[in-house]
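[1] Coordinates for the following, if possible.
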Amino acid sequence: MQDEIKNITAILETVSDPEIPVLSVTDMGIIREVKMNGDSVEVIITPTYTGCPAMDMIAMNIRLALIEKGYRNVIITSVLSPAWTTDWMTESGKQKLKAYGIAPPQTPSGIPSDGTIACPQCHSTNTRCISEFGSTACKALYQCNDCKEPFDYFKCH
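    The predicted structure is shown next:
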C-alpha cells in the first residue's frame, strides 16, 4: 500500500495550481493526506484560504490526473481545520515562486515589520507595499524602489 501511495503522490506532483502554474498542489502544501481503501483513493486537501476560488478546479484536476493513471474511484475531501499555512509550502515551491517573479512568504508571522520583502527581479530589499491585495487574495502588491518593477508577495498565513 505504501508503494501505491507513493505512486499517487508522484501523480499529484504533476497537478499544477491553476493560479500559479509553476507550482504543483504538493508544492503548495494543500495535499493533507492520501488514503487507500480497497480500490478507492481519497485525497484530502485544504484550501489556502476559506473560499479560495481555485479549489474546485484543483479538485477536478486531481481527480482527472488520477483517473488518467487508472484510478477510477477517486474521492476528494476538503478540510478546513487546521487552517492551511504557508509553512506547509515546500522549499522547492518557494524557490519556484521566486523564479516566477512572485516573492515567496518570508516569515511565518506575516509581512516583516520593517517591510523588507526582497524583489524577486533584482533582489533589492528597497521595496514598498502598494496594496495589501494583489492579483489574488493570498498576495499583496509591492514595488521595488530600485528596479521600479511591481511584484506580488505571497502573504504568510
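
[2] For the protein, just list every one of the strands.
    Per DSSP state E, the chain carries strands over the ranges 31-37, 40-45, 73-78, 102-103, 127-131, 139-144, 150-154.

[3] mind giving me CSV with the ones you listed and columns for mean neighbour count?
    (Glycine included, C-beta is placed from N, CA and C.) Shown next, in CSV, are these (neighbours: other C-beta atoms under 10 Å):
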stretch, mean neighbour count
strand 31-37, 15
strand 40-45, 18
strand 73-78, 15
strand 102-103, 22
strand 127-131, 14
strand 139-144, 20
strand 150-154, 22
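
[4] so how far is Met1 from the closest residue to Cys144 other than its chain neighbours?
    Nearest non-adjacent residue to Cys144, counting by C-beta to C-beta, 6 or more residues apart in numbering: Cys119, 3.8 Å away. Computed as C-beta to C-beta, to the nearest Å, the Cys119 to Met1 distance reads 46 Å.

[5] neighbour-wise, which of the two wins?
    Each of Cys119 and Met1 has its neighbours counted (other C-beta atoms under 10 Å); Cys119 has more, 24 against 7.

[6] what mean pLDDT does the helix ranked longest in the chain have?
    For the chain, the helix that runs over the most residues, judged by DSSP state H, is helix 55-68. Helix 55-68 shows an average pLDDT of 96 in the prediction.

[7] Next one: Asn73 relative to Val43, how far apart?
    Taking C-beta to C-beta, one finds Asn73 at 12 Å from Val43.

[8] if I look at the residue sitting nearest the centre point of the chain, how far off is Pro120?
    Most central in the chain under C-alpha atoms, centre = their mean is Met28, positioned 2.7 Å from the mean C-alpha point. As judged by C-beta to C-beta, Met28 and Pro120 stand 17 Å apart.

[9] ok now do the residue of the chain positioned farthest from its centre, which residues does it touch?
    Distance from the centre of the chain peaks at Gly38, with 29.7 Å (C-alpha atoms, centre = their mean). By C-beta atoms under 8 Å, 6 or more residues apart in numbering, the contact set of Gly38 is empty.
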